[in-house]
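**Student:** no FASTA, just this:
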């Protein structure tokens, strides 16, 4: 083929169409497995953050979005025979050391924190990434605290919770997400 502008544009156009078709094919093939994996991760997290709470509904099917100060939080109510027994609440904070963190927290009827699961973060490995274990360690645990009666800020800011060593920014973001989750849970239960 002769190297002309028309031939080059035609070749580039054909390559672009083939590449776009290949990407669309891969996307359509992986879209469903990715959605299933995300739904399974969410189901697993709900079970993890609600230990000991009896429920016989599927909280993911009854998910409700609650808006607090312009932030949207998802509440997954746990019900036993139609009666609210607690909820898993997926919350977030954009001010982690490396940006967005997303955490699912569990609450019982009294507002006690029953557990949490870190869903997404980009925090520094070995520092902020420790939030998955740090806040359930008996020495620093938030599990069992009542979100209404505890000062859920880091002790450096006058609160009741010890920050992750060398990761105060990540700890603050984790606890701000917890406060947002608690507010959403309170708003949700007030509407029940």
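**Tutor:** Ah, there it is. All values reported here derive from a predicted model rather than from experimental measurement. Numbers count the residues shown, from 1 in each chain.
**Student:** Tell me which other helices or strands the longest helix seen in the chain touches.
**Tutor:** Selection of the longest helix in the chain by residue count, based on DSSP state H, yields helix 5-49. If you count contacts as 3 or more C-beta pairs under 8 Å, 6 or more residues apart in numbering; DSSP states H and E, helix 5-49 packs onto strand 83-96, strand 99-108, strand 113-120. Using the backbone N, CA and C atoms, a C-beta is placed for each residue, glycine as well.
**Student:** ok, 6 Å please
**Tutor:** With contacts defined as 3 or more C-beta pairs under 6 Å, 6 or more residues apart in numbering; DSSP states H and E, the secondary structure elements packing on helix 5-49 are strand 99-108, strand 113-120.
**Student:** first to last residue in stretch 117-130, what's the distance?
**Tutor:** 12 Å (C-alpha to C-alpha, to the nearest Å).
**Student:** residues making contact with it?
**Tutor:** Stretch 117-130 is contacted from outside by 45, 48-49, 96-99, 101-104, 131-132, 164, 166-167, 170, using C-beta atoms under 6 Å, 6 or more residues apart in numbering.
**Student:** just to revisit the earlier point, Serialize the helices and strands packed on helix 5-49 to JSON lines and add fields for mean pLDDT.
**Tutor:** What follows is the helices and strands packed on helix 5-49, written out as JSON lines (pLDDT from 0 to 100):
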{"stretch": "strand 99-108", "mean pLDDT": "95"}
{"stretch": "strand 113-120", "mean pLDDT": "93"}
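**Student:** Just send those strands back as JSON lines, with mean neighbour count too.
**Tutor:** Conversion of the helices and strands packed on helix 5-49 to JSON lines gives the following (neighbours: other C-beta atoms under 10 Å):
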{"stretch": "strand 99-108", "mean neighbour count": "22"}
{"stretch": "strand 113-120", "mean neighbour count": "20"}
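**Student:** Those: which one's closest to residue 33?
**Tutor:** Distances from residue 33 to each of the helices and strands packed on helix 5-49 were compared using C-beta to C-beta; the minimum, 18.4 Å, belongs to strand 113-120.
**Student:** C-terminal to the worst-scoring helix or strand of the chain on mean pLDDT, what's the next element?
**Tutor:** Lowest by mean pLDDT, DSSP states H and E among the helices and strands of the chain is helix 131-134, with a mean of 87. Moving toward the C-terminus from helix 131-134, the first helix or strand encountered (DSSP states H and E) is helix 168-190.
**Student:** Just want the angle from that following helix to strand 113-120.
**Tutor:** Computed with axes from the mean of the first three to the mean of the last three C-alpha atoms, to 10 degrees, the direction of helix 168-190 lies at 120 degrees from that of strand 113-120.
**Student:** Ok, which of the helices and strands packed on helix 5-49 comes nearest residue 181?
**Tutor:** When those are compared by C-beta to C-beta, strand 99-108 sits nearest residue 181, at 4.5 Å.
**Student:** What helices and strands are in contact with the closest one?
**Tutor:** With contacts defined as 3+ C-beta pairs under 6 Å, 6+ apart, the secondary structure elements packing on strand 99-108 are helix 5-49, strand 83-96, strand 113-120, helix 168-190.
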